[in-house]
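> Just a sequence and a predicted model for now, questions to come.
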Amino acid sequence: MKNVKRLSLWNGNPPTNSGLSGNEILNPEAILELTNVTEAELIIYSPDDAINTGAAVIICPGGAYAGLAITTQGYDFAEWLNTIGITGIVLKYRMPNGNKEIPLDDVQESIRYIRKNAKKLKLNENKIGVAGFSAGGHLAALSATLFSKESKESEELKEEISTRPDFSILFYPVISMGLHTQKDTCQNLLGEKLSAIERYSCETQVRPDTPPALILVSDDDTIVSPLNSIRYYEALKQHHIPAELHVFPQGDHAWGIKGLNMFGKKFEYIEQAKDLILNWIRNHC
């Protein structure tokens with residue numbers, strides 16, 4: 001039986017409001033299964049104790065910041081991670097509706113929660129990575145570049161919880177909000193006025209302590225230009241950050257760990273991709 005736990009991230013009290021109203025919409029037949037997402041949740045898939053490595057990956061599904069392809073780019077990946085002893089944590093993040101801070105708030109709070117509860121979750125607080133697909137790749141890259149360390153006062157001690165992930169795995173990510181961006185993703189995040197383009201262009205925010213990254217992309221991607229990934233890789237190398245960029249000759253966009261893309265076509269290199277992910281996690285955890 002799967003060891004799966006769901007929890008509310010903000011307990012009904014998020015720091016920001018998107019302005020969206022009404023119920024979340026679930027359509028299992030649509031590419032974006034979940035839309036109108038207004039409440040953030042964590043869905044935690046824990047591996048068997050016998051193979052648990054203590055590492056975890058917070059997973060950000062894609063969907064152009066309009067919805068979430070939460071099965072193929074969330075649950076499926078979490079289940080696969082369990083088979084190699086990794087805790088997979090699917091982040092059902094809120095849709096921004098032009099309020100750019102909302103998804104970043106959610107992923108940062110997720111990292112805080114997992115680190116704070118690492119012992120209870122049988123995790124090593126220094127082995128917490130992020131993964132993201134497409135727009136979720138943008139969110140994962142944001143978390144790797146715009147992280148902070150906050151001090152929280154308590155009666156007995158001063159607690160510091162860093163929102164810096166220990167590594168990132170990016171699948172065909174949107175990176176830039178400027179050149180080579182995916183227009184729908186950009187507008188859904190930043191709004192019609194497209195404010196803060198530079199801050200939310202991850203390649204411009206790389207810093208010396210940005211965590212290592214594995215980037216996987218298809219050369220024939222028709223939705224998100226692979227130049228996004230190339231620019232991010234170049235920025236990482238300029239700061240001497242360990243990084244790998246793998247450009248597969250085929251696959252197009254939105255392929256999942258089961259080897260099918262959003263168009264129902266087969267991604268021929270899924271076994272190679274799995275090996276790369278496994279080796280990356282082993283080398284950076």
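Received it, and whenever you're ready, just let me know what you need.

> use CA for all of it now, contacts and neighbours both
Noted.

> Regarding stretch 266-274, how distant is the last residue from the first?
Criterion Cα to Cα, to the nearest Å; first-to-last residue distance in stretch 266-274 is 15 Å.

> residue boundaries of the strands in the stretch 1-150 of the chain?
Secondary structure of the stretch 1-150 of the chain, counting by DSSP state E, counting those that start in this stretch: strands at 3-8, 25-26, 34-35, 41-46, 56-60, 67-68, 87-92, 128-133, 149-153.

> What distance do you get for the closest residue to Ala40 other than its chain neighbours to Leu7?
Leaving out its chain neighbours, the residue that sits closest to Ala40 by Cα to Cα, 6 or more residues apart in numbering is Tyr93, at 4.8 Å. Distance, Tyr93 to Leu7, using Cα to Cα: 12 Å.

> average model confidence for stretch 228-243?
Averaged over stretch 228-243, pLDDT sits at 98.

> Show residues contacting it.
The contact list for stretch 228-243, computed with Cα atoms under 8 Å, 6 or more residues apart in numbering, reads 172-176, 180-181, 202-204, 206-215, 217, 244-245.

> For ChimeraX, what selects the buried ones among those residues?
Buried subset of the contacts of stretch 228-243, written as a ChimeraX selection, criterion 16 or more other Cα atoms under 10 Å:
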select :172,173,174,175,176,181,202,203,204,206,207,210,211,212,213,214,215,217,244,245
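
> So which bits of stretch 250-265 are buried?
Those would be Gly251, Asp252, His253, Ala254, Trp255, Gly256, Ile257, Lys258, Gly259, Leu260, Asn261, Met262, for stretch 250-265 by 16+ other Cα under 10 Å.

> so how far is it off the chain centroid?
On the basis of Cα atoms, centre = their mean, to the nearest Å, stretch 250-265 sits 18 Å off its chain's mean C-alpha point.

> Stretch 270-285 now?
16 Å.

> Neighbour count: Tyr93 and Leu7, which is higher?
Each of Tyr93 and Leu7 has its neighbours counted (other Cα atoms under 10 Å); Tyr93 has more, 27 against 11.

> Show the contacting residues for the more buried one.
Contacts of Tyr93 (Cα under 8 Å, 6+ apart): Val37, Glu39, Ala40, Glu41, Cys60, Pro103, Asp106, Val107.

> Which one of these is nearest to Gly137?
Closest approach to Gly137 among the contacts of Tyr93 (Cα to Cα): Cys60, at 7.0 Å.

> Run a quick check on that closest one versus Gly137, I expect a contact.
Yes - Cys60 lies in contact with Gly137 (Cα atoms under 8 Å); the separation is 7.0 Å.

> and for these two, which residues touch both?
Common neighbours of Cys60 and Gly137, counting by Cα under 8 Å, 6+ apart, are Ala131.

> so what's Leu190 closest to, chain neighbours aside?
Spatial nearest neighbour of Leu190, chain neighbours left out: Gly98 (4.8 Å); criterion: Cα to Cα, 6+ apart.

> What degree of burial does the closest residue in space to Ile84 that isn't next to it in sequence show, as a neighbour count?
Once flanking residues are discounted, Ile84 sits nearest to Ile51: 7.3 Å by Cα to Cα, 6+ apart. Close neighbours of Ile51, defined as other Cα under 10 Å, add up to 12.

> Touching, Ile51 and Leu81? I think so.
No - in this structure Ile51 lies outside contact range of Leu81 using Cα under 8 Å: 11.1 Å.

> now Cys186, what's its secondary structure?
Secondary structure for Cys186, judged by DSSP: H, G, I helix; E, B strand; the rest coil, is helix.

> An error on my part: the question was meant for Leu245.
strand.

> Am I right that it is in contact with Ser218?
No - in this structure, Leu245 is not within contact of Ser218 by Cα under 8 Å, at 10.7 Å.

> picking up where we left off before, is it possible to get JSON lines of the contacts of Tyr93 that adds neighbour count and pLDDT?
As requested, those are exported to JSON lines (neighbours: other Cα atoms under 10 Å; pLDDT from 0 to 100):
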{"residue": "Val37", "neighbour count": "24", "pLDDT": "97"}
{"residue": "Glu39", "neighbour count": "20", "pLDDT": "96"}
{"residue": "Ala40", "neighbour count": "22", "pLDDT": "98"}
{"residue": "Glu41", "neighbour count": "21", "pLDDT": "98"}
{"residue": "Cys60", "neighbour count": "30", "pLDDT": "99"}
{"residue": "Pro103", "neighbour count": "25", "pLDDT": "98"}
{"residue": "Asp106", "neighbour count": "25", "pLDDT": "98"}
{"residue": "Val107", "neighbour count": "28", "pLDDT": "98"}
